[in-house]
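In: can you look at this prediction? I've put the sequence above it.
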Amino acid sequence: EAQVTQNPRYLITVTGKKLTVTCSQNMNHEYMSWYRQDPGLGLRQIYYSMNVEVTDKGDVPEGYKVSRKEKRNFPLILESPSPNQTSLYFCASSSALTDTQYFGPGTRLTVL
Amino acid sequence: GENVEQHPSTLSVQEGDSAVIKCTYSDSASNYFPWYKQELGKRPQLIIDIRSNVGEKKDQRIAVTLNKTAKHFSLHITETQPEDSAVYFCAASRRTGFQKLVFGTGTRLLVSP
């Protein structure tokens, strides 16, 4: 089944404790993105990647890192999480040939 | 950069009525406009999209219209049903190279039986 997966789905952590949210897609998509969703603000892009080893900042990159060492994986790293990073995070992927972005199931992160 | 505004933020209709959600965008170079539906606790899913070379697109009970001159596009849902209740997001992007989507802030649609 073609899909985008994220792990973990739920995470409660404390300020300053490094964490990684994984994202994987099995559709051989070139493009991958991370978004955060906050009430009243919609979906805002954090980082995106056009292919392996090619990443760039989105609209709200502060406090986040990403890597794209393999085509299928695009982990989101929070080196020192803060409470203002409490949010719902979505990974998405799309093909270079089409426009449709496929979203993962989401990761709800709470930073205390 | 691109900025997308979406209205209304909430919309309540009776079952069977029509619903219209409107978005405006700022970047005249944007030429791809998708709409996503997000049910409670679920991921956003594409329901319809339109490109700048067409003015209207329909898919059963949903349609999207685009006015490039005025830089706005709208989602129309006819004969609404309770299962249409969800949050709807519009988005815009340039279809050159990577598709960098900029989303609106969402519209919560509630369809009452």
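Out: Okay, I see it.

In: quick check: longest strand in chain A by residues?
Out: strand A:42-51 (DSSP state E).

In: right, is that one up against chain B?
Out: Yes: between strand A:42-51 and chain B, judged by Cβ under 8 Å from any Cβ of the partner chain, the touching residues are A:G42, A:L43, A:R44, A:Q45, A:Y48, A:M50. All C-beta spots, glycine's among them, are computed from the backbone N, C-alpha and C.

In: toward the C-terminus, what is the element adjacent to that strand?
Out: Sequence order places strand A:54-57 as the next helix or strand after strand A:42-51, per DSSP states H and E.

In: now find how far off-centre that following strand is within its chain.
Out: Here strand A:54-57 is found 12 Å from its chain centre; the criterion is Cα atoms, centre = their mean, to the nearest Å.

In: would you mind writing the CA trace of stretch B:104-111 as CSV?
Out: The C-alpha coordinates for stretch B:104-111 follow below in CSV (Å, rounded to 0.1, in the frame of the first residue of the first chain):
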residue,chain,number,x,y,z
GLY,B,104,-4.7,29.2,4.0
THR,B,105,-5.7,29.1,7.6
GLY,B,106,-8.6,26.8,7.1
THR,B,107,-12.4,26.8,7.2
ARG,B,108,-14.4,24.6,9.6
LEU,B,109,-17.5,23.5,7.8
LEU,B,110,-20.4,22.1,9.9
VAL,B,111,-23.3,20.5,8.1
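
In: list the contacts of it.
Out: A:40-42, B:4-15, B:19, B:21, B:23, B:38, B:77, B:80-91 (Cβ atoms under 8 Å, 6 or more residues apart in numbering or on different chains).
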